[in-house]
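Student: sequence and predicted structure, then a few things I'm wondering about:
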Amino acid sequence: MFNAEVLPSSFFKIASVASFSLLLLTGTANAAKQYKALAPGKAHEECMKMGPNQQLTYSFKATSSLNFNIHYHEDKEVYFPVKQDEIADYKGIFKPTVDHDYCMMWTNTSKKPVSVDYEFEFKTVDAKK
């Protein structure tokens, strides 16, 4: 799982718990490239705290179709601002309208392993745009 918390002076702490790695990035724009192998029926999430003055630019390519979404939890409900099923590549820009912990999630629904290469950039944007 990926967590980001805003620190003073526009520092962002980004931790990839699933792979036990830690990446500390500075500034108002942060980018990451990742590779994951997903076993049949397994999922991978990258999560971060975001608000209306931020945006997430993302893309991925997988060796086979999988399900992708960006979601958040509110009480016992799960909301999906972005949801794409059975796709092998996708790119987009997500601009949240409310402060929340948002997660990108890839789910392998097939009976064979799927590899996914993905990248994303998380940045603060001018709220007037």
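Tutor: Right, received. Where do you want to start?

Student: what about dumping the CA coordinates of stretch 102-122 to CSV?
Tutor: Output of stretch 102-122 as CSV, limited to C-alpha atoms (Å, rounded to 0.1, in the frame of the first residue of the first chain):
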residue,chain,number,x,y,z
TYR,A,102,-7.6,8.1,-2.3
CYS,A,103,-6.3,4.8,-3.6
MET,A,104,-5.4,3.6,-7.1
MET,A,105,-6.1,-0.1,-7.2
TRP,A,106,-5.2,-2.8,-9.8
THR,A,107,-6.9,-6.2,-9.5
ASN,A,108,-5.9,-9.3,-11.5
THR,A,109,-9.2,-11.1,-12.2
SER,A,110,-7.6,-13.7,-14.5
LYS,A,111,-6.3,-17.2,-13.7
LYS,A,112,-2.7,-16.3,-14.6
PRO,A,113,-0.1,-13.8,-13.2
VAL,A,114,-0.2,-10.3,-14.7
SER,A,115,2.6,-7.8,-14.6
VAL,A,116,1.9,-4.1,-14.5
ASP,A,117,4.2,-1.1,-15.1
TYR,A,118,2.7,2.1,-13.8
GLU,A,119,3.8,5.7,-13.1
PHE,A,120,2.2,8.7,-11.5
GLU,A,121,2.8,12.3,-10.6
PHE,A,122,1.2,13.8,-7.6
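
Student: any idea how far it is from the middle of the chain?
Tutor: Here stretch 102-122 is found 9 Å from its chain centre; the criterion is CA atoms, centre = their mean, to the nearest Å.

Student: okay, which residue is most central for the chain?
Tutor: Taking CA atoms, centre = their mean, the centroid of the chain lies closest to residue 104, which sits 3.3 Å from it.

Student: what about the closest residue to residue 51 other than its chain neighbours, neighbour count?
Tutor: Closest residue to residue 51 apart from its sequence neighbours, by CB to CB, 6 or more residues apart in numbering: residue 99 at 4.1 Å. For every residue, glycine as well, the C-beta is placed using N, CA and C. For residue 99, the neighbour count with other CB atoms under 10 Å is 13.
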